[in-house]
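Engineer: With the input below, show me the fold.
(chains A, B, C and D)
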There are 4 protein chains.
Amino acid sequence: MPGNSFGKIFRITTFGESHGPAVGVVVDGVPAGLRLSQEDLEFELSFRRPGRLYVSGRREKDVPEILSGVYNGRTTGSPIAIVVKNTDVISSFYEEVKVKPRPGHADLPFIMRYGYENWDYRGGGRSSARETVGRVAAGAIAKKLLMFHDTWIAGRLKSLGPVDSPPADFLQILCSKYSPVRASDPETEAKFQELVKQATVEGDSYGGVAEIVVKNPPAGLGEPVFDKIKADLAKAILSIPAVTGFEYGLGFQASRMKGSEANDSIVRKGERLGWRENKSGGILGGITTGEDIVVRCSFKPTSSIRKPQGTVDLRTGEPAEISVLGRHDPAVAIRGVSVAESMVALTLVDHSLRSGVIPPVKLEERQAEVIEDRWRRYMEECRPTAESQS
Amino acid sequence: MPGNSFGKIFRITTFGESHGPAVGVVVDGVPAGLRLSQEDLEFELSFRRPGRLYVSGRREKDVPEILSGVYNGRTTGSPIAIVVKNTDVISSFYEEVKVKPRPGHADLPFIMRYGYENWDYRGGGRSSARETVGRVAAGAIAKKLLMFHDTWIAGRLKSLGPVDSPPADFLQILCSKYSPVRASDPETEAKFQELVKQATVEGDSYGGVAEIVVKNPPAGLGEPVFDKIKADLAKAILSIPAVTGFEYGLGFQASRMKGSEANDSIVRKGERLGWRENKSGGILGGITTGEDIVVRCSFKPTSSIRKPQGTVDLRTGEPAEISVLGRHDPAVAIRGVSVAESMVALTLVDHSLRSGVIPPVKLEERQAEVIEDRWRRYMEECRPTAESQS
Amino acid sequence: MPGNSFGKIFRITTFGESHGPAVGVVVDGVPAGLRLSQEDLEFELSFRRPGRLYVSGRREKDVPEILSGVYNGRTTGSPIAIVVKNTDVISSFYEEVKVKPRPGHADLPFIMRYGYENWDYRGGGRSSARETVGRVAAGAIAKKLLMFHDTWIAGRLKSLGPVDSPPADFLQILCSKYSPVRASDPETEAKFQELVKQATVEGDSYGGVAEIVVKNPPAGLGEPVFDKIKADLAKAILSIPAVTGFEYGLGFQASRMKGSEANDSIVRKGERLGWRENKSGGILGGITTGEDIVVRCSFKPTSSIRKPQGTVDLRTGEPAEISVLGRHDPAVAIRGVSVAESMVALTLVDHSLRSGVIPPVKLEERQAEVIEDRWRRYMEECRPTAESQS
Amino acid sequence: MPGNSFGKIFRITTFGESHGPAVGVVVDGVPAGLRLSQEDLEFELSFRRPGRLYVSGRREKDVPEILSGVYNGRTTGSPIAIVVKNTDVISSFYEEVKVKPRPGHADLPFIMRYGYENWDYRGGGRSSARETVGRVAAGAIAKKLLMFHDTWIAGRLKSLGPVDSPPADFLQILCSKYSPVRASDPETEAKFQELVKQATVEGDSYGGVAEIVVKNPPAGLGEPVFDKIKADLAKAILSIPAVTGFEYGLGFQASRMKGSEANDSIVRKGERLGWRENKSGGILGGITTGEDIVVRCSFKPTSSIRKPQGTVDLRTGEPAEISVLGRHDPAVAIRGVSVAESMVALTLVDHSLRSGVIPPVKLEERQAEVIEDRWRRYMEECRPTAESQS
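Structural biologist: Below is the predicted model of the structure:
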């Protein structure tokens, strides 16, 4: 049964394997009239791109080719197919993986599910994080369309291994885009970098926690009962490779509290009603409250590490060791922040369409122009400041 | 857009409000030939029933009336409609809620979404946990059908407020069904009970963490990319009222680890390959490994508490206080365990059908009989032992 | 896999068997604020009710009990469960059917699919046209909600067996509701009645063609490519028992024409553009043009007839004859008109919501009042005139 | 809302515009292990290819590039993305269409729906029949996978304008693939060719009826109630551009019959039960009976004709005439046969997977080999015989 699509109205379908000819995505359900260019996609793709310091060394330019659904710089209401060619593929590393499935990886489960003969083991095949290129490209369209309601999305790496960050405001989180380790302040950035270097030297890796914040979400999003916004966010986030947990607002901390501590007073906030401390992370009863949405997720450490680990040789059935070569992130959580942002954006835009906040068929000219203005401001505002340009 | 259905092949649709005539569920996609009786449903419903010590005092017998889809004690392949009448309704408590929305509750978000005029405020209306009756009734069918593969599901309250449990084996977890506070051992049970009593006296409530274990799941379940089993479990669990977080295997703990710590060696286990310590909670690459599935979720404390909290009087727009009366659980996590079990069962049975592990149209006679035998054993085995019958 | 639901946003799930305790429907996705009463449902149900002259003699009052989703006469945005008890059940007729499957009926296919042991043969079980009670009840809500855009739906029996009707205007078609044979003029009514009487005497039955017209549909409905409005209408109509064909506009006639004959000039119609003769039945490119939608469907003759027909005795495998007793319509097409109207309404309301023509979450007070006024006028206008009250 | 996908388990999503860079399809839900090559796709694509006599003169090689989901000649269970570049694009013909929407075409409805500014008018944009390339490529995979159950699908042009065909057996219908006008016998072929030539000379076009036959379908396919096989076939067929009607078995003819004429006796056929004359076209109660499935659909005449037709000049709002140039089929029904076959195949394979007749996750080696053998025989058997190679 097909599992490669996400969303009910703004619906994406990704395709492609790590070492196949290309990866890509078809985005269906985008209203007509949105201005859209290759540059819009490249802007967001640049923040998950490998080949930079502190992340995987695979060198991919990730040029998103738009094959359909855009004419004269505007969306037409037809599905938007985006293809990104794979150019820097080295499959030789994987000959060992082919006979020694990696611990902590999808190798053996894929064999169990689809059969050894049908397994594309090269670069992790379909289970590779390279699949997320399509999510980030589609996420760029989602983020742009959310400008309809002036909703902005930003993420940061909140903790890496044992190192945690101090609280940060929205602008700091937004500017973490330009930190090579997605830190929201210079001190934390230095500590994260140190950890990454250490892991690289040791042939090991680190886990981390990403935090995503949605500024100015529409109130009233989320469908009782099963399509609560928190449920759809959880699914979106847990669909990301290496994510092992999800929480929003107080999250797991709430389980240790009393009701009188966890509850949050309702108060007047100018014209509208709101919540004093936004303890519930912008969601109550599965419905957005209009306060900022705050979600966090846990990434496990990259499972492909140089350090030898125990496995079984599939040819002999005997115990074996594998030391995974190839080019891998020392901490998938770093590039994972971009993917998590995208998944939150895709969930929010889908629910905005479901709830009628964004028109489903076409944007008026004026609406499209307002979106374009906000989007330019967004691309501008999260430019790196002098301090964060380490 | 409809949000009251869950599942792709084994698909449930719940309906009903807390103080309306009835709650219920339609279960579509059940193969023909399964033996099914009202008693099967009542067995599971008995563990989420209110009106007992340590939980809400509302007295509901929760008799599930089967209106369709079963003939001569067998499912026919047609949708199974189950209705449970609401009998013990006291709406008078809610006249104050009508003008003073409760902090931490869905009252105000429902008003924001659907409009004040259209809001059924009585007993929380559609946002009431009473909706979960339908999930547990459907969950009973799911659990029974999972016996096809001899897959068993059990849950316990792992922690309540600040009190945590020691590790427990599957049978202990199964037998927690008969603990009034869903504890898996007598010492923890005593501590949990103490906490609940204290909260009741204080007019307060506690949060908690539920843990659900799946014994002997089929290997190879879960669809790359978006319908990973972990993603669908996360959605299932976060769709439960009051749940604020989800994790599986090492969960959030993995974010603080190195790869060499979080990875788990692949080893021979008799005829099959497996994982030494099952650190990944039975799921890798979003696919079941055949090891036990272990998930945990965080419940926030019941938001309806007697202790006065700040809100706004909707008539005047002025700050106000509310002391919530009515009959509420001192810790929703206790009865939440049953609901979480049901959601895990519904997810697993759906994926078992999606992956062709269970036949989608009809069971052979022999298959149905094997299921019946296992189900009887299941109902037998989790009977309370002397010790747990406190 | 579940097949008992229809619609993406306005989504219905029907349940129930002919001789089970009840039939019913859950309607999910209805915006909050619509005024809705049991009378609204009964109005539409009255036109498919059996127990009258010229149709099945089964006497069912068809009282629709609303179990959820409506509070104080308004929809709340929650799913609306409607249950209709089966009261006049005589299963004894079916003991013969149990061993001699009826030609032209679903008996043998159900056995092939679900297994003989699991087959509810009483009254046709799930394949009985009694299932359509739920469709008509849900169709009443759909028709009412379509009043948002002042869209009206009406149907008539265009031909019965060899007898065809002359053209009719919308009001005539609307008033056919009060003709016992759904004829749109008195002369045709007399001829249809004659045919029905003759068929009854002969122990035989007749087929017919229903025609459904949608007055003032929104322009621009229908999603390229697969969810064209014509495709979703075709599915809706073919899902009705006994329907064997569907066409819209020129339909099959177009296949014999030249392009210069079948094309229709585009012309100015006051402020808007339109089509001179509406040859395409209100649909072009799968999208509504704003002109009236005209669809027709073919009903085969009732397959349950008294005349003896050849079958096989399942006990012996030998050829046998069956003369079907029980209470059956001499022409299912007559009551089928109501069902076809309902399916068209369900399709149109779903697409109106999909395209943002009707708000998906809630109606404003003023909007709900306008709907109510139009609905009252609708119920009034299609009251029988003196002439049609034969 | 997305409308560019079809199928629940075997799910396709098409994309691309007539004059954009490419058209294509993503096929999700194909089990692993199926042998698949570019040649398999090209075989089926060759029968809908333009640039030949009697059809559109546009010269497209239609080379299907497989971007994902196939490794070492086997499907991997991952989505299969197929891209076909558009190479022979002449947009200049469409400058007139841009201001004078064509009668009988989707031009004006697209403008009504998506807005004039966002309309890709070149070559019909998304509404062009060029979109069906993706359907036929996906249909090739569907047809091949149906060989699992030895189910074969074939189609012919039954009538063109006023000329009808005599009955034909399955092999004749299969071999119509090699008739340039999809005729099933030489006499009819000559008549069809004459009509096409005449229409070309006149600058006009003809409608026609396609007939699709499914040999040896699995019995028991189709889900009561809404996902009846006849309902899903109707949707599939009506989603094809220019189709105006659908029927199966006796179709509209049944509406003029008595029950005793339309019913079909149940008889023993060797080991199994069957129906004497297959009057119901292989479907009863919406479920396949195991007899051959027979469906027909009406294509209207190509709406783009050279003969002048009335329209409105969008610049002035004044009446105007348009004589459509560009390269168009004189009868879309001819190439439409391939598309209709594909849609039937997509529907059947989806229901075969839904009902568990084909395994959803992977094929065993032996199963894949049997499929491959049957497929080779299929490609061989419908090679043109001497007679049909006119």
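
Engineer: Give me the distance between A:L146 and D:A236.
Structural biologist: Note on A:L146: its distance to D:A236, by CB to CB, to the nearest Å, is 35 Å. The way it works is simple: take the backbone N, C-alpha and C, and place the C-beta from them, glycine included.

Engineer: does the residue nearest in space to the middle of chain A sit in a helix, a strand or a coil?
Structural biologist: Among the residues of chain A, the one closest to the centroid is A:V339, at 1.5 Å (CA atoms, centre = their mean). Remark: A:V339 carries the secondary structure label helix [criterion: DSSP: H, G, I helix; E, B strand; the rest coil].

Engineer: any idea how far it is from chain B?
Structural biologist: Counting by CB to the nearest CB, to the nearest Å, the separation of A:V339 from chain B is 12 Å.

Engineer: what do you get for A:V337?
Structural biologist: In this structure, A:V337 lies at 13 Å from chain B, with CB to the nearest CB as the measure.

Engineer: Isn't that residue up against A:L157?
Structural biologist: Yes - with contacts defined as CB atoms under 8 Å, A:V337 counts as touching A:L157 at a distance of 5.6 Å.

Engineer: before we move on, back to that, mind pulling the model confidence for the residue nearest to the residue nearest to the centre of chain A when sequence neighbours are not counted?
Structural biologist: Nearest in space to A:V339, with sequence neighbours left out and distances taken as CB to CB, 6 or more residues apart in numbering or on different chains, is A:T132 at 4.6 Å. Looking at A:T132, its pLDDT reads 97.

Engineer: quick one: A:T132 is in a helix?
Structural biologist: Yes - A:T132 sits within a helix when classified using three-state DSSP.

Engineer: separation between it and A:V55?
Structural biologist: Taking CB to CB as the measure, A:T132 and A:V55 are separated by 13 Å.

Engineer: Compare neighbour counts for the two and give me the winner.
Structural biologist: More neighbours surround A:T132 than the other of A:T132 and A:V55, with 25 against 21 (other CB atoms under 10 Å in any protein chain shown).

Engineer: contacting residues around that one?
Structural biologist: Residues in contact with A:T132 (CB atoms under 8 Å, 6 or more residues apart in numbering or on different chains) are A:48, A:240-241, A:339, A:342.

Engineer: Turn those into a markdown table, including secondary structure and pLDDT.
Structural biologist: Converted to a markdown table, these look like this (DSSP: H, G, I helix; E, B strand; the rest coil; pLDDT from 0 to 100):
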| residue | secondary structure | pLDDT |
| --- | --- | --- |
| A:R48 | coil | 87 |
| A:I240 | coil | 98 |
| A:P241 | coil | 97 |
| A:V339 | helix | 98 |
| A:S342 | helix | 98 |
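
Engineer: Looking at neighbours, which among the residues you listed is most surrounded?
Structural biologist: Comparing these on neighbour count, A:S342 comes out first with 30 neighbours (neighbours: other CB under 10 Å).

Engineer: Centroid-wise, who is the farthest residue in chain A?
Structural biologist: With CA atoms, centre = their mean as the measure, chain A has its most outlying C-alpha, relative to the mean C-alpha position, at A:T316: 39.1 Å.

Engineer: give me the element it is part of.
Structural biologist: Under DSSP states H and E, no helix or strand contains A:T316.

Engineer: Next, the contact list for the residue in the stretch 1-150 of chain A that chain C sits nearest to, please.
Structural biologist: In the stretch 1-150 of chain A, no residue comes nearer to chain C than A:S78, which is 7.0 Å away by CB to the nearest CB. Contacts here follow CB under 8 Å, 6+ apart; on that basis A:S78 touches A:68-69, C:224, D:4, D:15, D:17, D:120, D:125-126.
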